[in-house]
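Here you go, sequence then predicted model.
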Amino acid sequence: MRIAVLSDIHDNIWNLSRAMEIVADTGSEQLAFLGDFCAPFTLKQLAESFFAPIHAVFGNNDGDPWLLTSIAAGFAHVTLHGQFGTFDAGGKTVAINHYPEIAEPVAASERFDAVFSGHDHQRYEKRYGRTLWANPGEIMGRFGRPGFGLYDTDTDTFTHYDVR
């Protein structure tokens, strides 16, 4: 199973649109979003661009949690977990959080197969025993190359994709 992993859109709906075109070509069956939609309309665009399960958490720049929650509730395929989320996919257990400072010790605990975080807008991946910890970078494109990640549960690999 392939899971698209996105973070830090910061209302760059143009990069999000391009990213979702690429996501469609990857054959992703689920999507994890790691926070910082910013405005609720960004969540709506994401939900209308991907029709399989979406697992999302809040970031530090999501200014209207009530409206984000209301929008998520309007889409049966969207789960807004709050600050920390877990889900099963392709026989793997996945944890998601916005902050690397939280996600890294969770990964180091080796309780999950994969842990994903965003926040610092940097692309990286690291292994803690059986656990993959990765950051897909940013959709926004302010601090680096806009892009996202793809987690393949069958091969237990993470690949970074450029949006531009």
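Cool, the structure landed.

contacts for stretch 91-105?
Here stretch 91-105 makes contact (Cβ atoms under 8 Å, 6 or more residues apart in numbering) with 3, 7, 32-36, 55-60, 81, 83-88, 106-107, 111-120, 126, 133, 135, 151, 153, 156. For every residue, glycine as well, the C-beta is placed using N, CA and C.

And that stretch, end to end?
Length of stretch 91-105, first residue to last, Cα to Cα, to the nearest Å: 22 Å.

what is the rounded mean pLDDT of it?
For stretch 91-105, mean pLDDT rounds to 98.

same thing with stretch 58-71?
pLDDT averaged over stretch 58-71 gives 95.

And the strands in this structure?
Using DSSP state E, the strands of the chain run over 2-6, 30-33, 54-56, 78-80, 84-89, 92-97, 114-116, 123-128, 131-136, 147-152, 157-162.

Would you mind saying which of these lies nearest P65?
The minimum distance between P65 and the strands of the chain falls on strand 78-80, with 8.8 Å, by Cβ to Cβ.

ok, and what's touching that closest one?
Residues contacting strand 78-80 (Cβ under 8 Å, 6+ apart): 43, 47, 53-58, 68-69, 72, 85, 87.

buried ones in it?
78, 80 (16 or more other Cβ atoms under 10 Å).

Indicate which one of the strands of the chain is closest to A24.
Per Cβ to Cβ, nearest to A24 of the strands of the chain: strand 2-6, 9.4 Å.

ok so, going back, can I get the buried part of the contacts of strand 78-80 as one ChimeraX selection?
Buried members of the contacts of strand 78-80 can be picked out in ChimeraX with the line below, counting by 16+ other Cβ under 10 Å:
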select :43,47,53,54,55,56,57,58,68,72,85,87
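
Good, we can wrap up now.
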